[in-house]
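Chemist: All I have is the shape, not the residue letters:
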Ligand SMILES: CC(=O)[C@@H](O)[C@H](O)COP(=O)(O)O
Ligand SMILES: NCC(=O)COP(=O)(O)O
């Protein structure tokens, strides 16, 4: 069981591409953002190639594959198109996520318990090429146990409900849900990551949960980068999570 205070920062660059796609320009380039993030201390780069291509494009993923110094965490829906693309790029990490067409962002976790055979087949197929496969799920024992059963070595707990909680009571409840999920995942022998909706004012409590391997953070970093630059945005976040993890 991992219980060290070491915690990694995966920088999600999707929303650099969102700005580019809004105008169909060549800038800002998420590849440049990835390289800046690495220089500023990112431990890995996360990209979500959505089926509707609203932000990251194939071109971005193919270039990143050649230039990243760290490692790629490739987020994808469980579709044949994405499975075939993943086999082409062979990322170090793959995170299987749910997708619905009209959602503003990833609204909930993957229902692993409700489709074990399908997810098991995907995990097996993607693991064969050496990728570490994680499942983006809610902090729910039923989903965590199912993730273990289908053979995934890792999970990423969706922290969106914690991030969206409004009252102190709700925040405390959602934080406990995440902390309990981390403990349950570790007890199952899983690598436990977390992310979604984390920002400079809510990240410390999550980073302080013992045993989390990596936090994946994107939207807030890109937003802060508008004011301080991408490298500073990443290094500020990294400093916050490292300090919180040591506390
Ligand atoms: C799965 C996940 O949490 C991230 O990929 C996030 O979804 C990226 O942002 P969008 O949901 O806005 O595409
Ligand atoms: N998997 C979560 C992620 O990559 C980043 O989510 P967000 O910080 O953009 O909400």
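Modeler: Arrived safely. Nothing here was measured: the structure is a model prediction, and the numbers come from that model. Residues are numbered from 1 along each chain as shown. Ligands and ions are numbered 1, 2, ... in the order given.

Chemist: This protein: helices as residue ranges?
Modeler: In the chain, the helices defined using DSSP state H lie at 14-23, 30-39, 58-67, 80-89, 116-127, 141-149, 160-164, 168-187, 203-207, 219-228, 230-246.

Chemist: Mind checking these for the one nearest to ligand 1?
Modeler: Taking C-beta to the nearest ligand atom, helix 14-23 is the member of those nearest to ligand 1, at 4.6 Å. Heads up, the C-betas are built off the backbone N, CA and C, glycines and all.

Chemist: Residue numbers of this structure in contact with ligand 1?
Modeler: Neighbours of ligand 1 within the chain, by C-beta under 6 Å from any ligand atom: 12, 14, 48, 50, 75, 97, 105-106, 136, 196, 218.

Chemist: ok, back up a step: can you say which of the helices of the chain is nearest to residue 7?
Modeler: Closest approach to residue 7 among the helices of the chain (C-beta to C-beta): helix 230-246, 4.4 Å.

Chemist: Mind listing what's buried along that closest one?
Modeler: Buried residues in helix 230-246, counted by 16 or more other C-beta atoms under 10 Å: 230-231, 233-235, 237-238, 240-242, 244-245.

Chemist: Compute the inter-axis angle for it and helix 219-228.
Modeler: With axes from the mean of the first three to the mean of the last three C-alpha atoms, to 10 degrees applied, the angle from helix 230-246 to helix 219-228 works out at 130 degrees.

Chemist: tell me the angle helix 230-246 makes with helix 14-23.
Modeler: Calculated by the same axes, to 10 degrees, helix 230-246 forms an angle of 150 degrees with helix 14-23.

Chemist: Helix 230-246 near ligand 2 anywhere?
Modeler: No - judged by C-beta under 6 Å from any ligand atom, helix 230-246 makes no contact with ligand 2; its nearest approach is 10.1 Å.
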